[in-house]
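Novice: This is the structure alone, sequence omitted:
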Ligand SMILES: NC(=O)C1=CN([C@@H]2O[C@H](COP(=O)(O)OP(=O)(O)OC[C@H]3O[C@@H](n4cnc5c(N)ncnc54)[C@H](O)[C@@H]3O)[C@@H](O)[C@H]2O)C=CC1
Ligand SMILES: Nc1nc(=O)c2c([nH]1)NC[C@@H]1CN(c3ccc(C(=O)N[C@@H](CCC(=O)O)C(=O)O)cc3)CN21
């Protein structure tokens with residue numbers, strides 16, 4: 001089922017989460033072990049991220065260094081298939097521009113259609129660390145909107161080499177990313193929202209936000225979106241803080257602010273065990289308020305660590321007194 005249908009059919013706010021493909025060499029059982037403890041909260045969908053290749057430098061016999069491309073976390077499509085068939089919930093693979101030619105993208109989409117996976121989150125993808133900034137693949141896409149264009153073409157039955165393929169139309173539901181605190185490369189929020197609106201006008205059916213720790217940012221973002229005619233569901237993304245290191249790491253990697261109260265409380269902790277308690281409390285509070293603000297789904301960036309999210313969800317999603325999501329869409 002498509003994500004917007006899950007939202008329309010829901011009688012109360014929904015719980016969903018996101019995981020990373022495990023490191024190369026590990027097994028699917030680790031994925032299942034991280035999903036099992038969260039199934040009691042009835043996620044209608046589970047996202048699986050996509051990771052582009054990295055470079056490593058290998059020493060050759062002659063002593064020179066050879067640049068070799070490797071992928072540390074392969075398997076998004078097969079993990080999605082395994083999830084969908086085992087748990088009978090929709091798996092949402094992330095599709096990225098980085099490292100993908102149009103042919104690679106087409107092949108991935110053909111495989112997804114074949115597997116009965118019909119929701120995708122369309123993203124540009126992060127820059128490779130070594131590159132400094134995002135560099136599109138030759139014959140690839142530079143922006144999420146361009147990649148969306150290709151998915152939409154396939155939804156119309158238009159493949160890259162029509163003379164070579166006679167294939168049916170695909171029917172993908174497309175979600176996109178939104179940034180309550182602005183995407184770090186955008187000159188200002190208005191510009192970022194302009195491109196977000198472009199993605200929605202092209203056919204994106206819902207938005208998942210970058211993580212944030214101050215609900216006011218989400219509230220203002222939703223209002224700013226509505227004011228310019230973005231009327232699709234806006235799903236907040238949440239990541240509980242669990243270590244002191246994240247206080248500097250998260251702003252650096254994801255370009256987000258940590259509110260003073262939260263930062264002070266984390267600073268005052270003596271151990272990461274204490275930090276985790278603070279992070280869980282903060283996230284429970286945030287989750288409850290977001291439901292009151294009308295968030296249709298709460299999407300947790302669990303990234304394979306389910307214990308923390310389980311503790312949060314058991315406080316947020318087993319309490320049936322919460323109101324039905326009231327966001328306008
Ligand atoms: N791997 C994953 O699962 C996830 C990754 N992300 C990351 O978030 C970042 C951005 O991804 P998206 O939001 O999908 O990218 P996007 O292509 O929509 O936007 C990227 C930047 O370019 C600007 N922009 C967008 N379209 C433009 C256009 N046509 N012309 C000029 N500027 C334009 C935007 O304002 C933004 O600053 C990436 O670093 C991505 O990896 C975010 C969520 C999940
Ligand atoms: N820029 C960007 N890239 C992403 O891949 C991404 C986002 N934003 N925002 C939404 C989700 C959240 N994602 C993730 C991915 C990895 C971690 C993670 O492993 N975090 C480490 C620190 C980060 C690091 O070491 O690079 C952690 O300790 O929490 C968290 C969320 C993936 N998605």
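Specialist: That came through fine. Computed from a predicted structure; not experimentally measured. Ligands and ions are numbered 1, 2, ... in the order given.

Novice: pLDDT below threshold where in the stretch 1-150 of the chain?
Specialist: The model of the stretch 1-150 of the chain has pLDDT under 70 over residues 71-72.

Novice: pLDDT weak spots in the stretch 151-300 of the chain?
Specialist: Checking the stretch 151-300 of the chain against pLDDT under 70 turns up 163-166.

Novice: how about the strands in it?
Specialist: 173-178, 206-211, 234-238, 297-301 (DSSP state E, counting those that start in this stretch).

Novice: Nearest to ligand 1 among those would be which one?
Specialist: Closest to ligand 1 of these is strand 173-178 (CB to the nearest ligand atom; 3.9 Å). C-betas here are computed from N, CA, C, even on glycine.

Novice: Briefly note if that closest one comes near ligand 1.
Specialist: Yes. Using CB under 6 Å from any ligand atom, we find that strand 173-178 touches ligand 1 at residue 177.

Novice: what angle separates that strand from strand 234-238?
Specialist: 60 degrees (axes from the mean of the first three to the mean of the last three CA atoms, to 10 degrees).

Novice: quick one: strand 173-178 near ligand 2?
Specialist: No. Using CB under 6 Å from any ligand atom, strand 173-178 stays clear of ligand 2, coming no nearer than 6.9 Å.

Novice: try stretch 180-193
Specialist: No. Using CB under 6 Å from any ligand atom, stretch 180-193 stays clear of ligand 2, coming no nearer than 8.4 Å.

Novice: near ligand 1 at all, that stretch?
Specialist: Yes. Against ligand 1, stretch 180-193 shows contacts by CB under 6 Å from any ligand atom at 183, 185, 186, 191, 192.

Novice: what about the closest residue in space to residue 265 that isn't next to it in sequence, neighbour count?
Specialist: Among residues not flanking residue 265 along the chain, residue 278 sits closest, at 4.9 Å (CB to CB, 6 or more residues apart in numbering). Close neighbours of residue 278, defined as other CB atoms under 10 Å, add up to 18.

Novice: list the contacts for residue 278?
Specialist: By CB atoms under 8 Å, 6 or more residues apart in numbering, the contact set of residue 278 is 241, 262, 265, 266, 269.

Novice: which bits of this protein sit near ligand 1?
Specialist: 49-50, 94, 96, 123-126, 143-145, 177, 183, 185-186, 191-192, 195.

Novice: ok, of the residues you listed, which come out buried?
Specialist: 49-50, 94, 96, 123-125, 143-145, 177, 183, 192 (16 or more other CB atoms under 10 Å).

Novice: Check the closest residue to ligand 2 within the chain and give its pLDDT.
Specialist: Residue nearest to ligand 2 within the chain: residue 301 (4.3 Å; CB to the nearest ligand atom). Note for residue 301: predicted pLDDT of 98.

Novice: who touches it in this structure?
Specialist: 17, 18, 211, 237, 238, 239.

Novice: if we go to 7 Å?
Specialist: Counting by CB atoms under 7 Å, 6 or more residues apart in numbering, residue 301 touches 18, 211, 237, 238, 239.

Novice: do you know how far it is from residue 105?
Specialist: 24 Å (CB to CB, to the nearest Å).

Novice: Inside helices: which ones of the buried ones among the residues of the chain next to ligand 1?
Specialist: 144, 145, 192 (DSSP state H).

Novice: Now do the buried residues in the host helix or strand of residue 6.
Specialist: For residue 6, the element it lies in under DSSP states H and E is helix 3-9. Buried residues in helix 3-9, defined by neighbour count with 16+ other CB under 10 Å: 3, 4, 6, 7.
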